[in-house]
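Participant: Here you go, sequence then predicted model.
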Amino acid sequence: MQTEPLLYEAYGVTGQVVTVFRHFPLDIHPNAPAAHRAAYCAGQQDPKLFWKMHDWLFPNQQAWQSSTATVAAGQFREQALAIGVDAAAYDACLTDPQTEAAIQKDMQAGAELGVRGTPAFFLEKRDASGKVTQTRPLSGALPYEQFAQAIEGLLAQQ
């Protein structure tokens, strides 16, 4: 997770790069679907809360990954409350069928793009109208230098 802040500092502040998160919980991680629901439900209240939850989930993955589902759900709820989510809205969101539908929609889109594992990234170059003109997929937890090289390559192309 060291790469993301560096990329934001180098490219996000200038608006050259925008981060869009899509949910793709893997079945091999039993608590991943619940983690994605927790982040999604925090984000439904405020996009900044999504990123706060995201920024807690990833570095603390070992703490909740091997927990029972009940313990993990408690950890997620505790963190959600700590970052300022409304408890009633969060709880309602977790059981709302639309939450699962939204996550499934992201997973379907990822599968259609060939995503098989995480993390997966798609660097897109857009024209002035916002139309995607080029896409470069990257896969894995890559170092900053590889992202920067790929981004610079896209930015340099006309």
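Facilitator: Received the coordinates, thanks.
Participant: what ranges do the strands span in this protein?
Facilitator: In the chain, the strands defined using DSSP state E lie at 120-126, 132-139.
Participant: could those strands be laid out in a markdown table, adding mean neighbour count and distance to residue 58?
Facilitator: The C-beta positions use only the backbone N, C-alpha and C, and glycine is treated the same way. Formatted as a markdown table, those follow (neighbours: other CB atoms under 10 Å; distance: least, CB to CB, whole Å):
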| stretch | mean neighbour count | distance to residue 58 |
| --- | --- | --- |
| strand 120-126 | 15 | 14 |
| strand 132-139 | 12 | 17 |
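Participant: can you redo those strands as TSV with distance to residue 31 and mean pLDDT?
Facilitator: Below are the strands of the chain laid out as TSV (distance: least, CB to CB, whole Å; pLDDT from 0 to 100):
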stretch	distance to residue 31	mean pLDDT
strand 120-126	20	88
strand 132-139	23	88
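Participant: so who does the nearest residue to residue 137 once chain neighbours are set aside touch?
Facilitator: Spatial nearest neighbour of residue 137, chain neighbours left out: residue 122 (5.5 Å); criterion: CB to CB, 6 or more residues apart in numbering. Contacts here follow CB atoms under 8 Å, 6 or more residues apart in numbering; on that basis residue 122 touches 113, 135-138.
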